[in-house]
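Peer 1: Got a predicted structure plus its sequence, pasted below:
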Amino acid sequence: MIIDAHNHADWHKTDLNGFLKNMDENNIDITWLLSWECPRHEYENYNGGLATYLKKGPIPFEAGLEYKKAYPDRFILGYCPDPRDPDAINNLKAATFIHKVQVCGELKVRMMYDDFDAIRLYRTAGELNLPVTMHFDYEFNKPWTNAWPNFWYGGGIDVLERVLKKCPETIFLGHAPGFWAHMSDDDQYDKMSYPKGPVIRGGMISKLLDKYDNLYCDMSAGSGWNAFNRDLEHAYWFTNTYQDRILYARDYFDSRHGELIESLSLSQEVKNKLYFENALKLVPLK
């Protein structure tokens, strides 16, 4: 079995038929479909024009819900309301009780993730047994045409540690450049989104995994792939050391994460944990 623990409906110009075809081509049995809810001025226009007419963000919960209704055995529903919405907690509860949401994600908003309203949302997610997928990005100038020259999210690794400490009963999945840049114990994390070169063992990700049992790793997107691929020797050590806390995930429709896993000469036991057992531990099939 293979579970993709991070993807999105109607993402990168891929509709439901294209999504299913891609899953079959990559031997993926089940995909976690995550929403992304935030104001228009807080996201890049990833979807090539589609995003501009969506009221609640580039990936509304309703898009994933349509996929789930069409193919209930192929998808796990995720939903994370904007924590700044006064109805966020009630909406999360309603989505869980009515639509059987099983993941709180993706959280990707321009706020410090240890904000009081966000903490209340995480604690609710913990009570509902929903793991929370968090996107972190540091502030880098990027060539967007929007008024803001960058799209930072979350506030950094120190914010993540405060969240882990304040919400010990909630499971969190770290994701994106602002998380994976901390694979190495160096100073590249706030200088480039995709750090290069050999990894210095003992980065903040390892330190947080050692200290907090409620942190897991979502290896999706270019940032996750780069964190492993930049130093394959370290990737082998890291994957074996934290084999119970890493989830195979893509956030796109390519095969490079699977190819990377297969290149590391891991035991089948470890590969099974990455591909599906860790995901099932967090989100059992119903």
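Peer 2: Everything's here; your move.
Peer 1: quick one: contacts for Pro168?
Peer 2: Taking Cβ atoms under 8 Å, 6 or more residues apart in numbering as the contact definition, Pro168 lies against Tyr212, Asn214. All C-beta spots, glycine's among them, are computed from the backbone N, C-alpha and C.
Peer 1: element containing it, please.
Peer 2: Per DSSP states H and E: Pro168 is located in neither a helix nor a strand.
Peer 1: Can you tell me how far it is from Arg40?
Peer 2: For Pro168, the distance to Arg40 (Cβ to Cβ, to the nearest Å) stands at 35 Å.
Peer 1: Tell me, please, where in this structure the pLDDT is lower than the cut-off.
Peer 2: 44-56, 141-149 (pLDDT under 70).
Peer 1: Okay, helices next: where are they in it?
Peer 2: If DSSP state H is used as the criterion, the helices of the chain fall at 16-25, 61-70, 88-99, 116-127, 157-166, 177-180, 204-211, 221-229, 232-241, 256-263, 268-272, 278-282.
Peer 1: Could you identify which of those is most buried?
Peer 2: When neighbours are counted by mean count of other Cβ atoms under 10 Å, the highest per-stretch mean among the helices of the chain falls to helix 177-180, a mean of 27.
Peer 1: Packing partners of that one?
Peer 2: Packing contacts for helix 177-180, counted by 3 or more Cβ pairs under 8 Å, 6 or more residues apart in numbering; DSSP states H and E, involve helix 157-166, helix 221-229.
Peer 1: Kindly recompute the last result at 7 Å.
Peer 2: Taking 3 or more Cβ pairs under 7 Å, 6 or more residues apart in numbering; DSSP states H and E as the contact definition, the neighbouring helices and strands of helix 177-180 are helix 221-229.
Peer 1: Break down the stretch 1-150 of the chain into its strands, ranges please.
Peer 2: With DSSP state E, counting those that start in this stretch as the criterion, the stretch 1-150 of the chain has strands at 3-7, 30-33, 75-77, 104-107, 132-135.
Peer 1: Can you tell me what sits against the fourth one?
Peer 2: Applying Cβ atoms under 7 Å, 6 or more residues apart in numbering, the contact partners of strand 104-107 are 34-36, 78-80, 92, 125, 130-135.
Peer 1: Tell me which two of those sit farthest apart.
Peer 2: Checked with Cβ to Cβ, the contacts of strand 104-107 reach their widest spread between Leu92 and His135, with 17.2 Å between them.
Peer 1: ok, back up a step: rebuild the contacts of strand 104-107 as JSON lines, extending it with distance to Asp251.
Peer 2: Written out in JSON lines, the entries for the contacts of strand 104-107 read as follows (distance: Cβ to Cβ, whole Å):
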{"residue": "Leu34", "distance to Asp251": "9"}
{"residue": "Ser35", "distance to Asp251": "13"}
{"residue": "Trp36", "distance to Asp251": "11"}
{"residue": "Gly78", "distance to Asp251": "12"}
{"residue": "Tyr79", "distance to Asp251": "17"}
{"residue": "Cys80", "distance to Asp251": "15"}
{"residue": "Leu92", "distance to Asp251": "22"}
{"residue": "Ala125", "distance to Asp251": "20"}
{"residue": "Leu130", "distance to Asp251": "19"}
{"residue": "Pro131", "distance to Asp251": "16"}
{"residue": "Val132", "distance to Asp251": "16"}
{"residue": "Thr133", "distance to Asp251": "10"}
{"residue": "Met134", "distance to Asp251": "13"}
{"residue": "His135", "distance to Asp251": "9"}
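Peer 1: Give me whichever of the strands of the stretch 1-150 of the chain is most buried.
Peer 2: Ranked by average neighbour count under the criterion mean count of other Cβ under 10 Å, the strands of the stretch 1-150 of the chain are headed by strand 104-107 at a mean of 30.
Peer 1: Describe which strands it pairs with in its sheet and in which direction.
Peer 2: strand 132-135 (parallel) (DSSP bridges).
Peer 1: Only alpha carbons, please: show the partner strand as PDB.
Peer 2: Extracted as PDB, the C-alpha positions of strand 132-135 are listed here (Å, rounded to 0.1, in the frame of the first residue of the first chain):
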ATOM      1  CA  VAL A 132      -2.400  19.200  11.900                       C
ATOM      2  CA  THR A 133      -0.300  19.800   8.800                       C
ATOM      3  CA  MET A 134       1.600  23.100   9.000                       C
ATOM      4  CA  HIS A 135       3.300  25.100   6.200                       C
END
